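Asks: I need the structure of the sequence given here:
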Amino acid sequence: MRKAFVGTSALLLVAFVLQFVFAAVGGFTKPVGDDSYTLHSVNGMAVIPVLTLLTALCAALARAPGRLIGLALLPIGLVVLQALLATLANAATDAAGVSTPLGPIIGGLHALNGIIAVHVVVAVLQGARKLTGPQPADSAGDVVRSGDPA
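Replies: Now for the predicted structure:
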């Protein structure tokens, strides 16, 4: 199960990298329309949450430390925050539908939150890899005392 934890963590990281690619695809699509960010939206609202839950489940089944399981769940909260920030950024317009100065600032926080989420997933992947590394020997059975024959 520890290898599955590493695998799902790696897939989650790939999904987050693709999220940035899909945002760029939407940003550079001309003309910009409501469907320009479809890949970004589907990946962020469906793929990433499912992979996050699967990663956390694998972490729990791999008997990872509670802190690592919690860290594996954190991207769900960050995705909720992402949706809130996107909604607020889009809502920060005047009566003519033009962005107010607050809109791009909130949009910048959306990007910053995405960067933080990537760092969280990298930490989860590093923790998962540490779990699959060689386990330390049981120190109780390997201790040779100075007076004991070897």
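
Asks: from the contact counts, what lies against the helix or strand hosting N113?
Replies: Using DSSP states H and E, N113 sits in helix 102-132. Packing partners of helix 102-132 (3 or more Cβ pairs under 8 Å, 6 or more residues apart in numbering; DSSP states H and E): helix 2-28, helix 48-61, helix 66-91. The way it works is simple: take the backbone N, C-alpha and C, and place the C-beta from them, glycine included.

Asks: return the most buried member of those.
Replies: helix 48-61 (a mean of 20; mean count of other Cβ atoms under 10 Å).

Asks: for it, packing partners?
Replies: Going by 3+ Cβ pairs under 8 Å, 6+ apart, helix 48-61 lies up against helix 2-28, helix 66-91, helix 102-132.

Asks: quick one: residues in contact with stretch 48-60.
Replies: 1, 4-5, 7-9, 11-12, 15-16, 19, 68-69, 72-73, 75-76, 79, 124, 128 (Cβ atoms under 8 Å, 6 or more residues apart in numbering).

Asks: need the pLDDT of P136.
Replies: Per-residue confidence (pLDDT) for P136: 62.

Asks: let me fix that: A140
Replies: For A140, the model assigns a pLDDT of 52.

Asks: again with L102
Replies: Reading off the model, L102 has pLDDT 93.

Asks: name all residues that make contact with the closest residue to it other than its chain neighbours.
Replies: Excluding the flanking residues, the one nearest L102 by Cβ to Cβ, 6 or more residues apart in numbering is A92, at 4.4 Å. A92 makes contact with 99-100, 102-103, 106, according to Cβ under 8 Å, 6+ apart.

Asks: what of A72?
Replies: Counted by Cβ under 8 Å, 6+ apart, A72 has contacts 9, 52, 55-56, 59, 64, 124.

Asks: out of these, which is nearest to L84?
Replies: Distance to L84, by Cβ to Cβ, is smallest for T52 among the contacts of A72, at 16.8 Å.
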